[in-house]
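Undergrad: Quick one, what's the 3D model for this:
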Amino acid sequence: MEQLKLGMALAENKNSSQTITKTSSSFSADLPLAARMRPRNLEEYAGQQHLLTPGKLLRRAIDADRFASIILSGPPGTGKTSLAELIALRTDSEFVRLSGVTSTVADLRKEIAHAVTRKSINGRRTIIFVDELHRFSKSQQDSLLADVENGNIRLIGATTHNPQFYIIGALLSRSLAFQLEGLKPEDVRILLERTLTDSRGFLDKKVVVSDEAFDFLSTVCEGDARRALNALELAILTTDPDSSGIISIGRKEAGESVQRKFINYGDDGHYDTASAFIKSMRGSDADAAVYWLAKMLHAGEDIRFIARRIVIFASEDIGNADPRALQLAVSAMQAVDMIGMPEARIILSHAVTYCATAPKSNASYLAIGEALDDVENERVQAIPIHLRDPNSNGARKMQKESESYKYPHSFDGHFVAQEYMGVPKGYYRPGALGYEEKIRQRIDYWRNARNQSPLSAEEQ
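TA: As a prediction, this is how the structure comes out:
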């Protein structure tokens, strides 16, 4: 009787979770096309060959049925949920789906208890799939640790964010983590073409899709299979058949069925695009820099963030090779703040193209880095007596016993040789590009002038 009660408890299906025991060949025609066309086995699964080709780590773990926890990260529409379902099917495991948005610790505890009971009754293991795992709090993630560790459950988490930042270290260390990539156009096209021959697709309709339409949808979806399938479904369902009952989908119909292009631009997209933007300017590729600027603007990036990055770049990567770059960047930052979009895009493009084509130098950046390293890691140099504040008691007393500070403007050429640091260190080494060539000549001139004017014994 007790086992019967436990078995009945396993059959419960609350709104907070969904239990799937197997992938069925039957489906509801009311489901969206993307849901109907979910792969039924790994052979139908599109893309991710860097993970699923025989011999790869994830494929070996699945085939050997040897894993405790798997974290799948990647952009939307790359097949994270489908892959989790296929892993459960391949390993003959119960599949329980939870949401990182709506599920609670109580939901987790209930499903874990069911998993323990299920394993004790029939030996069947349970995979708990948590969609949007990054939305789980630290305490929710902590609640999974013990049961993953002792094998009560197997966890598969899906996230569109970088697991290193959003998944606690203890859970990540117990997991195999894999990055899914946006599908290639050829992979998306295979899925689209399959809808015309698969019973789950549109066999009840006479549909003809042109190569141009397939190519367009395969490309415009940005590697998101769900978006491509949704667009094709909308095109077919909203296009009237001709007199022969044939629904013809061309480039025009496909284009009208795709919403305004939304760029995958989560936290990773923010940092990755900003990185590509800066590196393109550093590489003096104005075209690439403007492209990444356009992507950030299209995605709704904060224009003040972009302007600040340009200001930093102007000093870090151009420096004195073109001192005007910093002036222009600061002016652009101020103008962007005053004017706003859409005109701010012109100001930003102005600053970006100037900085990208300017001569480059990181000499100032390296100089302060080396100086800070010396201050932090070596003995801090005493300030030479003649450079100290003459109004301080210690300086007045010591300066009576040594040579006082020499005021350069009192000497010919407004220069006099004297010690300013106490050690023969060189930090700023200007390059030979742009204005730094002139600065380098000046530094050589002053260095030679100091060398030709012997310092006093006190200064040495």
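
Undergrad: in the stretch 251-400 of the chain, what spans have low per-residue confidence?
TA: Within the stretch 251-400 of the chain, the stretches with pLDDT under 70 are 259-268, 392-400.

Undergrad: if we go to 80?
TA: Where the stretch 251-400 of the chain drops to pLDDT under 80, the residues are 259-269, 378-400.

Undergrad: buried set for stretch 177-190?
TA: For stretch 177-190, the buried set under the neighbour-count rule, 16 or more other C-beta atoms under 10 Å, comprises 177, 178, 179, 180, 182, 183, 185, 187, 188, 189, 190. For every residue, glycine as well, the C-beta is placed using N, CA and C.

Undergrad: residues making contact with that stretch?
TA: 46-48, 50-51, 57-58, 70-75, 77-80, 83, 163, 214-215, 217-219, 221-225, 228, 264 (C-beta atoms under 8 Å, 6 or more residues apart in numbering).

Undergrad: Tabulate the CA atom coordinates of that stretch in PDB.
TA: The C-alpha trace of stretch 177-190 is given here as PDB (Å, rounded to 0.1, in the frame of the first residue of the first chain):
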ATOM      1  CA  ALA A 177      29.700  22.800 -19.000                       C
ATOM      2  CA  PHE A 178      29.200  23.200 -22.700                       C
ATOM      3  CA  GLN A 179      28.700  26.200 -24.900                       C
ATOM      4  CA  LEU A 180      26.200  25.900 -27.700                       C
ATOM      5  CA  GLU A 181      26.600  28.100 -30.700                       C
ATOM      6  CA  GLY A 182      24.200  29.800 -33.000                       C
ATOM      7  CA  LEU A 183      23.100  27.400 -35.800                       C
ATOM      8  CA  LYS A 184      24.800  27.700 -39.200                       C
ATOM      9  CA  PRO A 185      22.600  28.800 -42.100                       C
ATOM     10  CA  GLU A 186      22.900  25.300 -43.700                       C
ATOM     11  CA  ASP A 187      21.700  23.700 -40.400                       C
ATOM     12  CA  VAL A 188      18.700  26.000 -40.200                       C
ATOM     13  CA  ARG A 189      17.900  25.300 -43.800                       C
ATOM     14  CA  ILE A 190      17.800  21.600 -43.200                       C
END
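
Undergrad: Give me the distance from that stretch to the chain's centre.
TA: 17 Å (C-alpha atoms, centre = their mean, to the nearest Å).

Undergrad: Including pLDDT, secondary structure and distance to residue 308, could the buried residues of stretch 177-190 go into a markdown table?
TA: Output for those, formatted as a markdown table (pLDDT from 0 to 100; DSSP: H, G, I helix; E, B strand; the rest coil; distance: C-beta to C-beta, whole Å):
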| residue | pLDDT | secondary structure | distance to residue 308 |
| --- | --- | --- | --- |
| 177 | 92 | strand | 32 |
| 178 | 93 | strand | 34 |
| 179 | 91 | strand | 29 |
| 180 | 92 | coil | 32 |
| 182 | 86 | coil | 29 |
| 183 | 89 | coil | 35 |
| 185 | 91 | helix | 36 |
| 187 | 92 | helix | 38 |
| 188 | 92 | helix | 37 |
| 189 | 93 | helix | 41 |
| 190 | 91 | helix | 43 |
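
Undergrad: okay, among those, which ones form the most distant pair?
TA: The two members of the buried residues of stretch 177-190 with the most space between them (C-beta to C-beta) are 177 and 189, at 29.2 Å.

Undergrad: how's this protein carved up into domains?
TA: Domain segmentation of the chain under automatic domain parsing yields 2-179, 185-256, 267-357, 363-452.

Undergrad: and the end-to-end length of the shortest one?
TA: To tie it back to what came earlier, the one meant is domain 185-256. 19 Å (C-alpha to C-alpha, to the nearest Å).

Undergrad: that older thread, and which of the buried residues of stretch 177-190 is nearest residue 329?
TA: Checking those one by one against residue 329 (C-beta to C-beta), the nearest turns out to be residue 182, at 33.0 Å.

Undergrad: Tell me which stretches of the stretch 1-150 of the chain form strands.
TA: For the stretch 1-150 of the chain, applying DSSP state E, counting those that start in this stretch gives strands covering 17-20, 69-73, 94-99, 126-131.
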